[in-house]
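Engineer: here is my input; please provide its structure:
(one chain, ligands or ions: 2)
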Amino acid sequence: MEVMYHSSTFLLPSERDTLNNTSPSPFSLSYALIILNQRLPSFAPLLWDHAQLRVCADGGANRLFDEMPLLFPHQDISYVRSRYKPNLIKGDMDSIRKEVLDFYVEQGTKIIDESHDQDSTDLHKCVRHICEVMPKNDKSPLCILVAGALGGRFDHEMGNINVLCRFSNTRIILLSEDCLIHLLPKNHCHKILIQSSSEGPHCGLIPIGTPSGSSTTTGLKWNLKNTEMRFGGLVSTSNIVEEDIVTVQSDSDLLWTISIKKL
Ligand SMILES: Nc1ncnc2c1ncn2[C@@H]1O[C@H](COP(=O)(O)OP(=O)(O)OP(=O)(O)O)[C@@H](O)[C@H]1O
Ligand SMILES: Cc1ncc(C[n+]2csc(CCO)c2C)c(N)n1
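Structural biologist: Numbering: from 1, shown residues only. Ligands and ions are numbered 1, 2, ... in the order given. Down below sits the predicted model:
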């Protein structure tokens with residue numbers, strides 16, 4: 001069975017800077033960052049600095065414009081805004097304010113208005129675009145980090161999780177200030193390398209879409225041993241990570257979630 005590795009190295013405070021090492025470590029990720037229209041997480045600047053591509057989903061641009069300066073209270077607002085300018089703003093453009101749009105157009109940000117499409121969410125539109133422009137590379141698989149995807153409006157939250165399922169062959173990680181979630185595709189041996197300085201110990205495994213007939217884990221306080229999970233039956237919430245590596249195997253796609261520690 002194919003082994004799939006997962007590691008939240010993107011949460012480590014400037015791993016590369018502290019080591020004064022510009023060459024990526026074996027587990028460092030190449031990723032695109034999408035900013036959604038929810039409060040910016042406090043670690044947004046860290047994610048921003050190491051992203052290959054930075055995209056705002058419609059009203060996510062308002063958050064970048066309004067809230068990034070709040071994370072740098074001692075710096076000039078205009079300086080912070082022009083330092084943190086996205087490569088792209090995409091969506092149906094019903095939430096971005098005119099002054100924000102005008103500012104980023106002036107800064108050279110590309111704008112894609114898809115107001116004609118009222119059947120896919122702004123996040124879906126952004127993920128579709130990134131998959132088109134960033135080719136897959138087996139050595140360094142494309143990863144998409146999504147800031148502001150959890151909490152907030154429940155329909156939006158479910159829509160964001162649905163994007164994980166629609167693009168199940170792409171590594172997408174949904175983040176809030178408090179936790180992250182991603183898919184563990186079925187029929188793989190997943191090895192999750194826990195970054196205990198920045199994540200855990202609370203975690204969960206949720207069967208998404210279909211029940212799981214058999215799931216097996218190691219490294220958790222309450223491990224599964226060929227256990228069945230389904231909505232309406234057992235789902236693993238409030239579990240605890242006990243080892244540096246958690247392994248998961250299942251006959252169905254599962255959602256993995258782990259808490260994020262405060263900086
Ligand atoms: N309260 C929220 N909770 C979770 N995600 C959100 C929330 N608000 C916005 N988002 C995410 O940010 C994206 C951009 O949101 P925005 O407010 O600009 O547009 P919207 O018109 O509400 O969303 P959409 O056009 O996608 O239906 C949404 O597609 C969604 O993924
Ligand atoms: C069954 C169904 N439910 C809701 C919508 C509306 N909708 C879905 S995604 C989206 C956002 C566009 O940016 C909107 C308005 C639809 N089209 N079809």
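Engineer: hmm, who's touching stretch 124-136?
Structural biologist: Stretch 124-136 is contacted by residues 32, 34, 52-53, 55, 57, 88, 90-92, 112, 114, 117, 120, 142, 144, 159, 163, 166-167, 170, 172 when judged by CB atoms under 8 Å, 6 or more residues apart in numbering. (Glycine included, C-beta is placed from N, CA and C.)
Engineer: now the buried members of these.
Structural biologist: Neighbour-count burial (16 or more other CB atoms under 10 Å) applied to the contacts of stretch 124-136 gives 32, 34, 53, 55, 57, 88, 90-92, 114, 120, 142, 144, 159, 163, 167, 170, 172.
Engineer: thinking again about what came up before, near ligand 1, from the contacts of stretch 124-136?
Structural biologist: Applying CB under 6 Å from any ligand atom, the subset of those adjacent to ligand 1 comprises Ala57, Gly91, Asp92.
Engineer: so Ser140 sits in a strand?
Structural biologist: No. Per DSSP: H, G, I helix; E, B strand; the rest coil, Ser140 lies outside any strand segment and is coil.
Engineer: which of the buried ones among the contacts of stretch 124-136 fall within helices?
Structural biologist: The helices, defined by DSSP state H, take in Gly159, Val163 from the buried ones among the contacts of stretch 124-136.
Engineer: for the stretch 1-150 of the chain, what lies in contact range of ligand 2?
Structural biologist: So the stretch 1-150 of the chain meets ligand 2 at Asp92, Gln118, Asp119, Ser120, Thr121, Asp122 (CB under 6 Å from any ligand atom).
Engineer: and Lys191, which of the three is it?
Structural biologist: What three-state DSSP gives for Lys191 is strand.
Engineer: count the neighbours of it for me.
Structural biologist: Residues near Lys191, counting by other CB atoms under 10 Å, number 16.
Engineer: who does it bridge with?
Structural biologist: Taking DSSP bridges as the rule, Lys191 bridges to Tyr5, Thr247.
Engineer: wait, doesn't it sit right on Leu184?
Structural biologist: No. Judged on CB atoms under 8 Å, Lys191 makes no contact with Leu184 at a distance of 10.5 Å.
Engineer: which neighbours do these two have in common?
Structural biologist: Listed as contacting both Lys191 and Leu184 by CB under 8 Å, 6+ apart are Met4, His6.
Engineer: adjacent strands (with direction) for the lengthiest strand in the chain?
Structural biologist: If you go by DSSP state E, the chain has its longest strand at strand 199-207. Partners of strand 199-207 in the sheet, by DSSP bridges, are strand 236-240 (antiparallel), strand 254-260 (antiparallel).
Engineer: next, the angle from that strand to strand 189-193.
Structural biologist: On the basis of axes from the mean of the first three to the mean of the last three CA atoms, to 10 degrees, strand 199-207 is oriented at 160 degrees to strand 189-193.
Engineer: show me the contact partners of strand 199-207.
Structural biologist: Applying CB under 8 Å, 6+ apart, the contact partners of strand 199-207 are 8, 11, 179-180, 184, 194, 215, 217, 220, 224, 229-231, 235-242, 246, 248, 250, 252-261.
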